[in-house]
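Trainee: Predicted model and sequence follow; I will ask about them next.
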Amino acid sequence: MSHAVAARRPAPWWPWALPAVALVAALVWLALRLPWPLDASGLRGFEEYRLPERMTFPVTLAASPDRSAVWFTLESSQRLGVLRNGQFTFVRKGFESLEPLGLAIDADGAAWVTEASRQAIVRVGLDGSSRSFALGTPVSRLARLAIGRDHSVWFAEPSRASVTQLKDDQLIRHPVNSASADAVPFGIAVAPDGTVWATLQNADALFRIMPDGQATTIEVPLRQAGLSDIAVAPDGTVWFLAAGANQIGRYAGGRFEVFPAPMPNAGLTALAVAPDGAAWFTALRAHRLGRVHQGVITEFALPRSDARPFSIAVDADNTVWYADLAGWIGKLAADRARVR
């Protein structure tokens, strides 16, 4: 069932005054051209870790619930990466990844990954042990993956137009109900109350599965939105990326808000929500991270001018982690990342 929603854009930011002197007027003109306020603390709080040479690039990363490690997938690699105490280790899986977009860490510290090349969901332990759960399809396209509080594993299965649950070793598929035949799920998140949310690419809609299994399609107030990642804040607020529209969206209390990115074609690629409720995202072409809080977007320039941040995660301490396609894993310390 779809229902109409009201879209409310954030209030524009205006300078507090227009002094007459030419220098100040020039600064005001510049400020009006910058949609994001600039974090004034420079590069303080950033640490970056270079992957070993000849390593393929990192794709997706996730922080373990106990904050002890950050896992990441590697394109066209038979290994998963783990960063712990500033040191890399690599866990062999025995098979090569293909577009490893789905990754989450369970309460035991093991990684769950989507493996399209094997048509399976795989659980990998730090000791290299693994267990595969076959999807029963000859061809699989897989996207994001998340774990609920009941330990169910949820993942987007575009090739079946399904949001799929793995529970007690059984697959439960929830077909996408949409007026668009091209609607396929991509992003996925599980709210604290057990509600599952997904983005529907090519349909400009969100897909919601209630704990009782009832599914609803909710149209977003954007067209050709190119919906991708989705995340849920501790208070149940839903955040999503509309990469095609170059916007970050928020859904709460039955209403939408949308926040424009700072520049055309910013390259919005990933989204995560912090424990303090702020939404974080990557802007690959802008070489920056962004934070949305109370309607304000603040940018954080990365230490390297050629940075290409592709994925992002926030751990339980509010430390922000990101994977850079140039071969780096980086973090922004919690004391700088946390909203004041």
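Mentor: Yes, it's here.

Trainee: least trustworthy helix or strand in this structure by mean pLDDT?
Mentor: helix 22-32 (a mean of 30; mean pLDDT, DSSP states H and E).

Trainee: Just the mean pLDDT for stretch 289-304, thanks.
Mentor: Averaged across stretch 289-304, the pLDDT comes to 95.

Trainee: now swap in stretch 250-265 and tell me
Mentor: On average, stretch 250-265 scores 93.

Trainee: same thing with stretch 154-171?
Mentor: Rounded mean pLDDT across stretch 154-171 is 95.

Trainee: export that stretch as CSV, just CAs?
Mentor: C-alpha atoms of stretch 154-171 as CSV (Å, rounded to 0.1, in the frame of the first residue of the first chain):
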residue,chain,number,x,y,z
TRP,A,154,18.3,-9.6,6.2
PHE,A,155,19.6,-8.8,2.8
ALA,A,156,18.5,-7.2,-0.5
GLU,A,157,18.1,-9.7,-3.3
PRO,A,158,17.6,-7.6,-6.5
SER,A,159,17.6,-10.6,-8.8
ARG,A,160,14.5,-11.9,-7.1
ALA,A,161,13.0,-8.5,-6.4
SER,A,162,12.9,-9.6,-2.8
VAL,A,163,13.9,-8.5,0.7
THR,A,164,15.1,-11.8,2.2
GLN,A,165,15.4,-13.0,5.8
LEU,A,166,17.7,-15.8,7.0
LYS,A,167,16.4,-17.1,10.3
ASP,A,168,17.1,-20.4,11.9
ASP,A,169,18.9,-21.5,8.7
GLN,A,170,15.8,-20.9,6.7
LEU,A,171,15.3,-18.3,3.9
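
Trainee: Show residues contacting it.
Mentor: Applying C-beta atoms under 8 Å, 6 or more residues apart in numbering, the set of residues contacting stretch 154-171 from outside is 102, 114, 121, 133, 135-137, 139-148, 150-153, 172-176, 183-188, 190, 196, 198, 201, 207, 209. In short, each C-beta sits where N, CA and C put it, glycine included.

Trainee: among those residues, which are in strands?
Mentor: Within the contacts of stretch 154-171, residues falling in strands by DSSP state E are 114, 121, 133, 145-147, 153, 172-175, 184-188, 190, 196, 198, 201, 207, 209.

Trainee: ok, of these, which come out buried?
Mentor: Buried subset of these (neighbour count, 16 or more other C-beta atoms under 10 Å): 114, 121, 133, 145-147, 153, 174, 184-188, 190, 196, 198, 201, 207, 209.

Trainee: Dead centre of the protein: give me the residue that sits there.
Mentor: With distances taken as C-alpha atoms, centre = their mean, the residue of the chain nearest its centroid is L271 (2.9 Å).

Trainee: Give me the neighbour count for the residue nearest to T137 when sequence neighbours are not counted.
Mentor: Distance criterion C-beta to C-beta, 6 or more residues apart in numbering; nearest residue to T137, sequence neighbours excluded, is Q119 at 5.7 Å. Neighbour count for Q119, taken as other C-beta atoms under 10 Å: 16.
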